[in-house]
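**Student:** 3D, please:
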Amino acid sequence: MEILVGNELAYGASVYLDAKGRWIEDLQQARLFGPEEASARDDAIARSKATTRIVGIEIEIVSIVDGAIVPDRLRE
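**Tutor:** Sure, this is the predicted structure:
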């Protein structure tokens with residue numbers, strides 16, 4: 001599974017794309033993208049980059065552990 005993570009330009013916080021297309025600070029509310037959703041994921045990246053509000057957008061691989069989203073690596 002994958003999520004999208006970026007930085008809010010105005011205040012620098014790490015944010016995650018949710019299922020409604022909003023950038024939020026709660027990792028557990030992040031939208032999960034499966035392998036078959038690569039096109040939707042890439043469209044979400046393009047739309048977000050066009051706003052210039054979110055910078056440094058990356059695709060992060062995550063696992064679900066005991067019902068919680070757990071990144072496979074920590075973003076600095």
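
**Student:** from here on, contacts and neighbour counts on C-alpha atoms
**Tutor:** Noted.

**Student:** Could you pull out the helices in this protein for me?
**Tutor:** 38-51 (DSSP state H).

**Student:** Packing partners of the lengthiest strand in it?
**Tutor:** Counting residues, the longest strand in the chain under DSSP state E turns out to be strand 54-65. Judged by 3 or more Cα pairs under 8 Å, 6 or more residues apart in numbering; DSSP states H and E, the packing partners of strand 54-65 are strand 2-8, helix 38-51, strand 68-71.

**Student:** Give the closest residue to Arg41 in space, chain neighbours not counted.
**Tutor:** Phe33 (6.7 Å; Cα to Cα, 6 or more residues apart in numbering).

**Student:** What's opposite the one you found in the beta bridge?
**Tutor:** Counting by DSSP bridges, Phe33 is bridged to Glu2.

**Student:** circling back: mind listing the strands the longest strand of the chain pairs with, and their directions?
**Tutor:** Determined by DSSP bridges, the sheet partners of strand 54-65 are strand 2-8 (antiparallel), strand 68-71 (antiparallel).

**Student:** chain center to the first one, what's the gap?
**Tutor:** Right, strand 2-8. How far strand 2-8 lies from its chain's middle: 3 Å, per Cα atoms, centre = their mean, to the nearest Å.

**Student:** Ok, stretch 45-54 next?
**Tutor:** On Cα atoms, centre = their mean, the centre of stretch 45-54 falls 12 Å from that of its chain.

**Student:** Name the residues that touch that stretch?
**Tutor:** With contact meaning Cα atoms under 8 Å, 6 or more residues apart in numbering, stretch 45-54 is reached by 4, 6-10, 55, 57.

**Student:** Can you tell me which of those residues are buried?
**Tutor:** 4, 6-8, 55, 57 (16 or more other Cα atoms under 10 Å).

**Student:** want to throw those into TSV with pLDDT and distance to Tyr16?
**Tutor:** Shown next, in TSV, are these (pLDDT from 0 to 100; distance: Cα to Cα, whole Å):
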residue	pLDDT	distance to Tyr16
Leu4	97	6
Gly6	95	6
Asn7	94	9
Glu8	93	10
Val55	93	12
Ile57	95	9
